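Enquirer: Just need the structure, nothing else, for what follows:
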Amino acid sequence: MGLIMDFLTACTYLLLFFSFLLVLLSFAENSYGKRIWFSVLFSISCIPIIYSLYIEKNQVDLGVHTGLGLSFLFTWIMTVIVFIIGLMLSFRKTV
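Expert: Below is the predicted model of the structure:
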């Protein structure tokens, strides 16, 4: 894969991680169970891109890569939703 795709993938993972981290830090008490749920939900959220990149790497076809684009779109939408939830929880905590 190209350098642009690697950079885009790394930025997507970082944004997703920091969105989930914002949700985790917005809770009043940070227990061990919440950290486990954070890890599990973050791992599940990364599955679409990981699977799509695996298929993309092993595929010889030079056709349209719709699956890769849809997996990135799905992950970006999920990142935005998690980020908005994290902002709402953190503002609720401060008020």
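
Enquirer: so what's L16 up against?
Expert: By C-beta atoms under 8 Å, 6 or more residues apart in numbering, the residues touching L16 are 42, 45-46, 75, 78-79, 82. Backbone N, C-alpha and C define where each C-beta goes, glycine included.

Enquirer: brain fart, N30
Expert: Shown in contact with N30 (C-beta under 8 Å, 6+ apart): L24.

Enquirer: helix/strand/coil for it?
Expert: Here N30 is recorded as coil under DSSP: H, G, I helix; E, B strand; the rest coil.

Enquirer: pLDDT value on it, please?
Expert: Residue-level confidence at N30 comes out at 71, pLDDT.

Enquirer: quick one: it from T75, how far?
Expert: N30 is 25 Å from T75, where distance means C-beta to C-beta, to the nearest Å.

Enquirer: Looks like L89 contacts F27 (just checking).
Expert: Yes - here L89 lies in contact with F27, judged by C-beta atoms under 8 Å, at a distance of 7.2 Å.

Enquirer: For P48, grab phi and psi.
Expert: phi -60, psi -40 (degrees, to the nearest 10).
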